[in-house]
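**Q** quick one, structure for this:
(4 chains)
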There are 2 protein chains.
Amino acid sequence: MAKSKKTYHHGDLRNTLLSAAEALLEQKGVGAVSLREVAKEAGVSHTAPYRHFVDKHALLAGLAEVGYGRLADAMDRCVDEQPDNPAKQLATSLQAYVALATRHPQMTNLMFGGVLKGHLCEGSLALESERAFNGLLRIIQNGQEAGLYISKDTEELAMFVWSLAHGFSMLISAGQMGELGNDEKAIQAILSNIGEMVITGIGV
Amino acid sequence: MAKSKKTYHHGDLRNTLLSAAEALLEQKGVGAVSLREVAKEAGVSHTAPYRHFVDKHALLAGLAEVGYGRLADAMDRCVDEQPDNPAKQLATSLQAYVALATRHPQMTNLMFGGVLKGHLCEGSLALESERAFNGLLRIIQNGQEAGLYISKDTEELAMFVWSLAHGFSMLISAGQMGELGNDEKAIQAILSNIGEMVITGIGV
DNA sequence: ACCTGAACACCGTTCAAGT
DNA sequence: ACCTGAACACCGTTCAAGT
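**A** You can find the predicted model right below:
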């Protein structure tokens, strides 16, 4: 019953493929993730992946699922580390969201770039994606219960905050902000101001 | 000097290619836009496009440029139609941004999905992209001059609003909001609430 | 100048065949 | 059950050649 590493049957091919795919993704972007290259990297024939993923999109969806899992975990950590400070939970969750996006632009692009479209609302990918949103939802809820935020529909507040974090992250990771994209210090500064504006608004 | 339509030299091939590419984009997404298919649709050999675009990315960049132009025009229109009402300018620009994104999700995906990355900060694409941002910047500035918004750095306010509009649009057009993506009425309602929160914030 | 056709190295996917 | 190799229809890109 020992896990032999060199049997004809690979045994852990699925995870090996996902790791190889992530390496390719990080280094060269979604466009460079080809089933054939991933298989080669995993030391296996180019048709072997079809035993674990119905097609290329399924591989990418599996990869995105890992990314969503990390995002969800990051959200949960913001709650766990400051269980009695909802304001801090919100601030750190914004930072965490943007940090993941700027540090892993290729993964972010895969998760939100529209490559998956159809696969987003089905299966385990949808579950992880929802878990990430629920993390943020809980943070908003905590703040509302502490009397920090207006008592409008919690989901709408969450969508407001999520849109903001998401838009900012995407614009940076897509290179839309120009030179700013590489200056992590500047990003932190702007993000902190944005964090204020979320609470106070831009009205006078 | 009359524009003969059936010469050996096509004459307006560049625009014909762009139109064909946009049709393909709208119908089947970025993934389906292949140089060969576009050429076939334009009734020309599969290497002819190389006379007008150095490679496939250049074609996509040209297409995105059209999209950014429309976004910029939409922003300008918001100012022109309500020259003395900055609050209305902001509200309508948000609506325009989201409307373009929900009605042309494939084009939006091309513009912001990260396919272009490197090409974003170079040439005429950068110009059109900047023109769109400047439109929003002017709207914020108008509001500040009318004493409607806090007098912080205008660019930071614009980035705040842009991130919000962008994030909301992207989440919807990427199918991240679940069933909500197809319900234009519901989107309008949420957007109007978001428009309020931009001004007042979510703080109590 | 502008367009073509053959050629090359890559894809994703299918399928009969091997262990 | 799991993996392979040949085969097919597609790519993007290059290049000598045609008008």
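**Q** pLDDT (mean, whole number) over the biggest helix by length in chain A?
**A** Longest helix in chain A by number of residues, with DSSP state H as the criterion: helix A:56-81. Helix A:56-81 shows a mean pLDDT of 96.
**Q** give me the next element, helix or strand, following it.
**A** helix A:86-103 (DSSP states H and E).
**Q** any buried residues in that next one, and which?
**A** A:86-87, A:89-102 (16 or more other C-beta atoms under 10 Å in any protein chain shown). C-beta here means a position set from N, CA and C on the backbone, and glycine is covered the same way.
**Q** before we move on, what about stretch A:197-204?
**A** The neighbour-count check on stretch A:197-204 (16+ other C-beta under 10 Å) flags A:197, A:198, A:199, A:201, A:202 as buried.
**Q** closest to residue A:48 among those?
**A** Taking C-beta to C-beta as the measure, residue A:48 lies nearest residue A:198 of the buried residues of stretch A:197-204, at 47.8 Å.
**Q** any idea of the pLDDT on that closest one?
**A** Confidence score, pLDDT, at residue A:198: 98.
**Q** three-state assignment of it?
**A** Going by DSSP: H, G, I helix; E, B strand; the rest coil, the secondary structure assigned to residue A:198 is helix.
**Q** surely it and residue B:200 touch.
**A** No - between residue A:198 and residue B:200 there is no contact under C-beta atoms under 8 Å: 10.9 Å.
**Q** columns distance to DNA strand D on top of the buried residues of stretch A:197-204, output as JSON lines?
**A** Listed next are the buried residues of stretch A:197-204 as JSON lines, based on distance: C-beta to the nearest atom of the strand, whole Å:
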{"residue": "A:197", "distance to DNA strand D": "42"}
{"residue": "A:198", "distance to DNA strand D": "42"}
{"residue": "A:199", "distance to DNA strand D": "47"}
{"residue": "A:201", "distance to DNA strand D": "46"}
{"residue": "A:202", "distance to DNA strand D": "43"}
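**Q** could I get those as JSON lines with distance to chain B?
**A** Below are those laid out as JSON lines (distance: C-beta to the nearest C-beta, whole Å):
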{"residue": "A:197", "distance to chain B": "5"}
{"residue": "A:198", "distance to chain B": "6"}
{"residue": "A:199", "distance to chain B": "4"}
{"residue": "A:201", "distance to chain B": "3"}
{"residue": "A:202", "distance to chain B": "5"}
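**Q** same list, those residues, but as TSV with distance to residue A:12 please.
**A** Formatted as TSV, the buried residues of stretch A:197-204 follow (distance: C-beta to C-beta, whole Å):
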residue	distance to residue A:12
A:197	47
A:198	43
A:199	47
A:201	51
A:202	52
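**Q** how about the residues you listed, which pair is most distant?
**A** Spatial extent of these (C-beta to C-beta) is set by the pair A:199 and A:202 at 11.3 Å.
**Q** what's the distance between residue A:54 and residue A:39?
**A** Plainly put, residue A:54 is 15 Å away from residue A:39 if you go by C-beta to C-beta, to the nearest Å.
**Q** between the two, who's got more neighbours?
**A** In terms of neighbours (other C-beta atoms under 10 Å in any protein chain shown), residue A:39 is the more surrounded of residue A:54 and residue A:39; the figures are 21 against 10.
**Q** surely the more buried one touches residue A:52?
**A** No - counting by C-beta under 8 Å, residue A:39 stays clear of residue A:52, with 10.7 Å between them.
**Q** spatially, what comes nearest to the closest residue to chain B within chain A if we skip its sequence neighbours?
**A** Chain B sits closest to residue A:167 of chain A, with a gap of 2.7 Å, by C-beta to the nearest C-beta. Leaving aside its sequence neighbours, residue A:167 sits nearest to residue B:167 (C-beta to C-beta, 6 or more residues apart in numbering or on different chains; 2.7 Å).
**Q** let me see the mean pLDDT of the helix or strand that contains the one you found.
**A** Residue B:167 belongs to helix B:154-173 when assigned by DSSP H and E. Per-residue pLDDT over helix B:154-173 has a mean of 93.
**Q** list the helices and strands it packs on?
**A** Where contact means 3 or more C-beta pairs under 8 Å, 6 or more residues apart in numbering or on different chains; DSSP states H and E, helix B:154-173 is packed against helix A:154-173, helix A:184-200, helix B:86-103, helix B:105-112, helix B:123-145, helix B:184-200.
**Q** tell me which residues of it are tucked away?
**A** Applying 16+ other C-beta under 10 Å to helix B:154-173 flags B:154, B:156-173 as buried.
**Q** looking at the buried residues of stretch A:197-204, which is nearest DNA strand C?
**A** residue A:198 (40.4 Å; C-beta to the nearest atom of the strand).
**Q** which residues does that closest one contact?
**A** By C-beta atoms under 8 Å, 6 or more residues apart in numbering or on different chains, residue A:198 lies in contact with A:90, A:94, A:160, A:161, A:164, B:201, B:202.
**Q** perfect, I'm done here.
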